[in-house]
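Novice: Sequence and computational prediction follow.
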Amino acid sequence: MTDSLVERLRAERDSAIAGRDRVRRMFRRHTARSIQAVASLARVEAALDAKDKRIAELEAALGWRPIETLANTRGLVIAGSYNAKGRWCCEVAHVDFVREHLAKIASGSFADSPHLAWAYTHWQPLPAPPSLPAGEANG
């Protein structure tokens, strides 16, 4: 009876070891897949963050900017602000003119001519010109 009990316990132990080994293999397989999935998810999240950042940069480049950001700009821009009636007004102007105009307002040069003291508050670059079809140049 003792021999049969020992054999039965050994068989149960061997069965438990085999079950344990199966679970370990499954765990390793699933862990490896989980690690790959987490790494893939991290790559996707990083790519999305980069795209969101680029979208924000492009949107900022296309929109109206505060006049204080005009510092390193050259050439023609669209400059504007809301008038006394709350209507948006803008015009195409050279950045040198815009800077001089704002400096005159700041110095009080327009104290006697308040209608000239229209202060720009925002600007944006001119859009790129349309492409010129071959042979259609004026002049």
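Specialist: Good, I have the coordinates. Residues are numbered from 1 along each chain as shown.

Novice: Might one say that residue 80 is in contact with residue 91?
Specialist: Yes. Using Cβ atoms under 8 Å as the test, residue 80 is close enough to residue 91 to be in contact (7.0 Å). All C-beta atoms are positioned from the backbone trio N, CA, C, and that covers glycine.

Novice: For the residue minimising distance to the centre of the chain, pull up the helix or strand it's in.
Specialist: The centroid of the chain falls nearest to residue 53 when counting by Cα atoms, centre = their mean (2.0 Å). In this structure, residue 53 sits in helix 2-62 according to DSSP states H and E.

Novice: Helix, strand, or coil at the closest residue to residue 69 other than its chain neighbours?
Specialist: Spatially, and ignoring its direct neighbours in sequence, residue 69 is nearest to residue 123 (7.8 Å; Cβ to Cβ, 6 or more residues apart in numbering). Secondary structure of residue 123, reduced to three states by DSSP: H, G, I helix; E, B strand; the rest coil: strand.

Novice: When residue 80 and residue 91 are compared, which one has more neighbours?
Specialist: Here residue 80 and residue 91 are set side by side on neighbour count (other Cβ atoms under 10 Å), and the busier one is residue 80, at 20 against 12.

Novice: and the protein, what are its domains?
Specialist: In the domain annotation for the chain, the residue ranges read 1-62, 65-125 (automatic domain parsing).

Novice: Any chance of TSV for those, columns mean pLDDT?
Specialist: Conversion of the domains of the chain to TSV gives the following (pLDDT from 0 to 100):
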stretch	mean pLDDT
domain 1-62	80
domain 65-125	86
